[in-house]
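Trainee: Prediction below, plus the sequence it came from.
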Amino acid sequence: MEIIKAIVYGVLQGFFAWLPVSSVAHVRIAPALFGWDDPGAAYSAVLQLGTTVAVIVYFFSDLSKMTSSVIQSVKDRDFRTRHDTKLSFYIIIGTIPIVICGVLFQKMIKNQFRGMYIIAIGLIVFGILLYISEKVSKMSRKVDDIDLKDSIIIGIFQVLALIPGCSRSGSTITGGFFRQMDRESAARFSFLLGLPAFILSGVFEIFKERETLFSGGNMLSLAVGTIISIVIGYLSIWFLLSYLKKHSIMIFVYYRVALGLLIIVLLQLNFISNY
C-alpha cells in the first residue's frame, strides 16, 4: 500500500510541480480524498527534489552555460559583462526572500498552512491574481531582459508559494507577468528560480527528518515516488513551455478556481476534513 501511495504522490508531484496549480495542494488533497494520512511537508519537500532533477536535466544546456560564465567571470574579475553570470546572480538574489520566510515560518508551513480551507482559498485567490497579471502584462520582455529589480520582485512573489494552494510556479509566473514578461519567458525564469529553493528545502528536510523519512519502508516509498516525479516532472516542463507558446494561462485559472470551489463543497459536506 505504501508503494501505491508513493506512485500516486510521485505522479501528482511530478505533473503539477511546474504547472501553476500547486503540486503541494494536490499531494495534500489526494490523501484527504482517499482517507490516507497527510504525508507531511517533509515528504513533499523530498519529492520536490525529484522534480528539481527534472529541471536540471531539461535545462542542462542553460545551466552549463551559466556555470561556465560564472567561472570565467571569476577568472576575469568581471561580473557585469556576461548575461549568464548576471542571470545566475539574479537567481540567487531572487531566492533569498523565500529562504528567509521559509525559516521564519517553518512551523506554520508544516501545520496551520496545510489546512484544506487555506488550500482552497489559495487556489482561488491566487488563481484570480494569475489571471489579472496576464491581462495587464504587455508580454514584451524576455529572460535576457531580466534585471536586478525583476529578480527581487519575482523573488518576493515566490514567497507566496509557502502557502499551499498558491503554487510556486504560479506565483513566480504571476510576478513575471507583472514585470511585463511574455508567457514562455516567465515560465522559464520560474523554473530556473525554483531550483535553489527546491534544493535547499529538500536537503533541509532530509537532514532534519532523516530518522522518520528513512525508517522502515519509508525509504523505498520515497525512492519510488522521487523517481516517478523526475520522469513525470520532465514531461510536465516540456508540456507547459510548449503550451504557453501558443496559449494563454486561462485553462490553469479555470482549473484552480474549480478545484478550490470543489474542496470547499467537500469540506462543507464533511466528505473530507480540514486537517
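Mentor: Structure received. Residues are numbered from 1 along each chain as shown.
Trainee: got the buried residues for stretch 224-233?
Mentor: 224-230, 232-233 (16 or more other Cβ atoms under 10 Å). From N, CA and C alone the C-beta is placed, and that goes for glycine too.
Trainee: Closest one of the residues you listed to Ile206?
Mentor: Nearest to Ile206 among the buried residues of stretch 224-233, counting by Cβ to Cβ, is Thr226 at 10.8 Å.
Trainee: which residue packs closest to that closest one, ignoring adjacent ones?
Mentor: Nearest in space to Thr226, with sequence neighbours left out and distances taken as Cβ to Cβ, 6 or more residues apart in numbering, is Gly50 at 3.9 Å.
Trainee: Repeat that for Tyr117.
Mentor: Excluding the flanking residues, the one nearest Tyr117 by Cβ to Cβ, 6+ apart is Asn274, at 5.7 Å.
Trainee: quick one on the thing from earlier: want to throw the buried residues of stretch 224-233 into JSON lines with distance to Ala6?
Mentor: Output for these, formatted as JSON lines (distance: Cβ to Cβ, whole Å):
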{"residue": "Val224", "distance to Ala6": "4"}
{"residue": "Gly225", "distance to Ala6": "4"}
{"residue": "Thr226", "distance to Ala6": "9"}
{"residue": "Ile227", "distance to Ala6": "9"}
{"residue": "Ile228", "distance to Ala6": "8"}
{"residue": "Ser229", "distance to Ala6": "10"}
{"residue": "Ile230", "distance to Ala6": "13"}
{"residue": "Ile232", "distance to Ala6": "13"}
{"residue": "Gly233", "distance to Ala6": "15"}
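Trainee: circling back to that earlier point, quick check, the residue nearest to Tyr117 in a helix?
Mentor: No - going by DSSP: H, G, I helix; E, B strand; the rest coil, the assignment for Asn274 is coil, not a helix.
Trainee: i'd like the first residue to be 16 from this point on
Mentor: Sounds good: first residue 16 from here, last item Asn289.
Trainee: and it, backbone torsions?
Mentor: phi -70, psi -30 (degrees, to the nearest 10).
Trainee: Stretch 245-265: which residues count as buried?
Mentor: For stretch 245-265, burial by neighbour count (16+ other Cβ under 10 Å) applies to 245, 247-249, 251-252, 255-256, 258-259, 264.
Trainee: same thing with stretch 179-194?
Mentor: 179-194.
Trainee: can you check stretch 76-85 too?
Mentor: Of the residues in stretch 76-85, those buried (16+ other Cβ under 10 Å) are 77-78, 80-81, 84-85.
Trainee: These: which two are farthest apart?
Mentor: Asp77 and Val85 (12.8 Å).
Trainee: For the helix or strand hosting Val26, give the mean pLDDT please.
Mentor: Here Val26 sits within helix 17-31, counting by DSSP states H and E. Averaged over helix 17-31, pLDDT sits at 86.
Trainee: ditto for stretch 175-190
Mentor: Mean predicted confidence for stretch 175-190 is 91.
Trainee: Which of the buried residues of stretch 76-85 fall within helices?
Mentor: 77-78, 80-81, 84-85 (DSSP state H).
Trainee: burial measure for the residue nearest to Thr241, as a count.
Mentor: 26 (other Cβ atoms under 10 Å).
Trainee: separation between it and Cys181?
Mentor: Taking Cβ to Cβ, to the nearest Å as the measure, Gly65 falls 21 Å from Cys181.
Trainee: what do you get for His41?
Mentor: 13 Å.
Trainee: again with Lys122
Mentor: Counting by Cβ to Cβ, the gap from Lys122 to Cys181 is 18 Å.
Trainee: hey, where'd the helices end up in the stretch 116-265 of the chain?
Mentor: Taking DSSP state H, counting those that start in this stretch, the helices of the stretch 116-265 of the chain run over residues 121-125, 131-151, 163-174, 183-193, 198-223, 225-228, 233-259, 265-283.
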